[in-house]
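Engineer: structure of the sequence below:
(one chain, ligands or ions: 1)
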Amino acid sequence: MIPSFRWFGASDPISLAHIRQIPGVTGVVSALYDVPVGDAWSRARLGTLKDQVQDAGLRLAVVESIPVHEDIKLGRPGRDRLIENYCASIASMGELGIPVLCYNFMPVFDWTRTDLAMRLPDGSTALAYDDRALAAIDLSRGTGELPGWATAYSPPELQPLLAAYHHVDAEQLWDNLGYFLERVAPAAEQAGVRLALHPDDPPWPIFGLPRIITNARALERLVALVDSPANGVTFCTGSLGASPENDLPAMVRRLGERIHFAHCRNVRITGERRFHETAHPSPCGSVDLFEVLRALRDVGFAGPMRPDHGRMIWGETGRPGYGLYDRALGVTYLQGLWEALSRSAT
Ligand code: DNO
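Structural biologist: Sure thing, here's the model as predicted:
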């Protein structure tokens, strides 16, 4: 297991020097954030990022993410050129020896919450989701009311995109994912890059948009779409753990070596499609991280693992979910579990 930490590049108030000082962390998870979605990533720029991380005494372990253009998810004409660009970016990763690519196939919205700063009893704040609050959000005026997405889409951009998805149901989305992977997985295999599809967060449809990577059946269907070791998943305990139907340790054992990356985070389920994030330790939330890590260890997981979101604690402000302190505590806890599991097995 490679203890890793996400870094948002030069604009991140958390520096590589901070990350270097977190005990045990050697991997960095990052991306080129300013490349327009759909363009091929330049090998030179990716190489600069890699060198920057290396100069700080760390290793670029994962690219998270190369976003998938909506035209690919919609199966529109023109997707072939976009897929070629995607394959070119993967080839660059391979040439530079960056081993894992985390991506997602969620229509329009990546992870979504209805409150970015819910106050917990201890005074910290955390990200929260409530399906009823989501239902009250009016997208006809753009994404202004959606926490974290305020400036993402203006009404003239958003409405046609949402309308285009009226023709894409869950099965059509599966077809479009299959089409994409049939082309991208061989390119990844050739480049020596492992694809790690991130589950949908939250793991159910939102705003009438289909979401398909939500449970054990879906993850098994995904890895079977293209039966290549390069076609794998990011096992995200927070996304999958928001649904009580998901037995996370059992899912880990079924997916086994197709898990290429782990996102570890805890959530507390407080009602039907309602949860908030918590500190990482198992007693704090609904996810038993000890059992998840035990399963990961048992299936021989050796890839990067990062603490996913954290709370805001000790007065820290900044990018919701991505403060330094709680994530640093989280990755230290994860390493403690891992060390205990490893040493008690010998
Ligand atoms: C949230 C992240 C996601 C993830 C993408 C992968 O904090 O886990 O945004 O990066 O879904 O493409």
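
Engineer: and the chain, which residues reach the ligand?
Structural biologist: 64-65, 102-104, 110-111, 198, 263, 308-309, 321 (C-beta under 6 Å from any ligand atom). In short, each C-beta sits where N, CA and C put it, glycine included.

Engineer: got those as TSV, with pLDDT, secondary structure and neighbour count columns?
Structural biologist: Formatted as TSV, the residues of the chain next to the ligand follow (pLDDT from 0 to 100; DSSP: H, G, I helix; E, B strand; the rest coil; neighbours: other C-beta atoms under 10 Å):
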residue	pLDDT	secondary structure	neighbour count
64	98	strand	22
65	95	coil	16
102	98	strand	25
103	98	strand	18
104	98	strand	23
110	92	coil	14
111	93	coil	19
198	98	strand	22
263	98	strand	26
308	93	coil	25
309	95	coil	26
321	96	coil	22
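
Engineer: would you format those as CSV with distance to residue 213 included?
Structural biologist: Listed next are the residues of the chain next to the ligand as CSV, based on distance: C-beta to C-beta, whole Å:
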residue, distance to residue 213
64, 15
65, 14
102, 13
103, 11
104, 8
110, 12
111, 12
198, 8
263, 13
308, 16
309, 18
321, 20
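
Engineer: for the helix or strand encompassing residue 217, buried residues please.
Structural biologist: Element membership of residue 217, judged by DSSP states H and E, is helix 216-225. In terms of neighbour count (16 or more other C-beta atoms under 10 Å), helix 216-225 has its buried residues at 216, 218-219, 222-223, 225.

Engineer: what do you get for stretch 292-306?
Structural biologist: Judged by neighbour count using 16+ other C-beta under 10 Å, the buried positions of stretch 292-306 are 292-297, 301, 303-306.

Engineer: of all those residues, which comes closest to residue 29?
Structural biologist: residue 306 (5.5 Å; C-beta to C-beta).

Engineer: what's the pLDDT at that closest one?
Structural biologist: On the pLDDT scale, residue 306 is placed at 98.

Engineer: who touches the residue lying closest to it once chain neighbours are set aside in this structure?
Structural biologist: In space, and not counting its chain neighbours, residue 306 is closest to residue 4: 4.4 Å by C-beta to C-beta, 6 or more residues apart in numbering. Counting by C-beta atoms under 8 Å, 6 or more residues apart in numbering, residue 4 touches 25-29, 61-62, 304-306, 331.

Engineer: again with residue 30
Structural biologist: 6-9, 49, 53, 60, 62-64.

Engineer: how near is residue 280 to residue 239?
Structural biologist: 15 Å (C-beta to C-beta, to the nearest Å).

Engineer: out of the two, which sits in the busier spot?
Structural biologist: residue 280 (28 against 24; other C-beta atoms under 10 Å).

Engineer: the more buried one in helix, strand or coil?
Structural biologist: In three-state terms, and counting by DSSP: H, G, I helix; E, B strand; the rest coil, residue 280 is coil.

Engineer: and the contacts of the lowest-mean-pLDDT helix or strand in the chain?
Structural biologist: Lowest by mean pLDDT, DSSP states H and E among the helices and strands of the chain is helix 155-164, with a mean of 90. With contacts defined as C-beta under 8 Å, 6+ apart, helix 155-164 is touched by 70, 74, 76, 108, 139-143, 153, 207-209.

Engineer: give the buried residues for that helix.
Structural biologist: 158, 162, 164.

Engineer: now those residues as TSV including distance to residue 116?
Structural biologist: Below are the buried residues of helix 155-164 laid out as TSV (distance: C-beta to C-beta, whole Å):
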residue	distance to residue 116
158	20
162	23
164	28
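
Engineer: and these, which is closest to residue 90?
Structural biologist: residue 164 (26.1 Å).

Engineer: what is the burial count for the closest residue to residue 89 other than its chain neighbours?
Structural biologist: Sequence neighbours aside, residue 41 is the residue nearest to residue 89 in space, at 4.0 Å (criterion: C-beta to C-beta, 6+ apart). Residue 41: 21 surrounding residues under other C-beta under 10 Å.

Engineer: and residue 41, how close does it get to the ligand?
Structural biologist: Residue 41 sits 14 Å away from the ligand, going by C-beta to the nearest ligand atom, to the nearest Å.

Engineer: the longest helix seen in the chain vs helix 216-225, what angle?
Structural biologist: Assignment by DSSP state H gives helix 170-191 as the longest helix of the chain. Calculated by axes from the mean of the first three to the mean of the last three C-alpha atoms, to 10 degrees, helix 170-191 forms an angle of 50 degrees with helix 216-225.

Engineer: helices or strands next to helix 170-191 in the packing?
Structural biologist: Counting contacts by 3 or more C-beta pairs under 8 Å, 6 or more residues apart in numbering; DSSP states H and E, helix 170-191 packs against helix 70-74, helix 79-96, strand 194-198, helix 216-225, strand 231-236.
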